[in-house]
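# sequence and predicted structure are below.
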Amino acid sequence: MKCPFCQHEDTQVLDTRISEEGDSIRRRRRCGKCDKRFTTYERIELSMPMLVKKSGSRTEFDVAKLRSSLMLALRKRPVSAESIDKAVSSIEEKLLNSGLREVETGFVGELVMAELKALDKIAYIRFASVYKNFEDLAEFQEAIAEVGRERKPRKS
Ligand SMILES: [Zn+2]
């Protein structure tokens, strides 16, 4: 690590500490030439995987796009903005934690479906019908039946 004051290449580590959260390391350093001291931090860097489209082309993960596709499916549905935010962060987190460098767009689609399924059944079917394209009518009926089975009877 170069000295930020005199650019000298040789600096000595005086002290190393792990942060309370355990997610970063702080090092106190001293320059061997000008004797000035400075601190460096080491952190884990997680990065979003690239999305691989069906065509094979790669695109960067775009959180705005993710949010807008969720909002589109949830249009006029009784779901709060806060719940949408939570769903978006949960998908982002899963992608980060996957540790993968690339994921197929279908993987993200499945994550979105899982979130929508928990949020709102109508939105789930909306999204699924577009996303899965439902070329197969049986597949569509199956999705509807699946939602129906999960609906709990309400007491009035
Ligand atoms: Zn120096």
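Yes, it's here. Numbers count the residues shown, from 1 in each chain.
# what does the chain have sitting close to the ion?
3, 5-6, 8, 31, 33-34 (Cβ under 5 Å from the ion). All C-beta atoms are positioned from the backbone trio N, CA, C, and that covers glycine.
# name the nearest residue to Phe127, ignoring sequence neighbours.
Ala73 (4.0 Å; Cβ to Cβ, 6 or more residues apart in numbering).
# the one you found against Leu119, yeah?
No: the criterion here is Cβ atoms under 8 Å, and Ala73 misses it with Leu119 at 9.1 Å.
# now for the longest helix along the chain, which elements pack on it?
Longest helix of the chain, by residue count under DSSP state H: helix 81-97. Under the contact criterion of 3 or more Cβ pairs under 8 Å, 6 or more residues apart in numbering; DSSP states H and E, helix 81-97 touches helix 63-73, helix 105-119.
# turn the ones you listed into TSV, including mean pLDDT.
Output for those, formatted as TSV (pLDDT from 0 to 100):
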stretch	mean pLDDT
helix 63-73	91
helix 105-119	91
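# just name the most buried of these.
Highest mean neighbour count among the helices and strands packed on helix 81-97 (mean count of other Cβ atoms under 10 Å): helix 105-119, with a mean of 18.
# in contact with the most centrally placed residue in the chain, which residues?
With distances taken as Cα atoms, centre = their mean, Glu92 lies nearest the centre of the chain, 1.1 Å away. Applying Cβ atoms under 8 Å, 6 or more residues apart in numbering to Glu92 gives the contacts 48, 63, 66.
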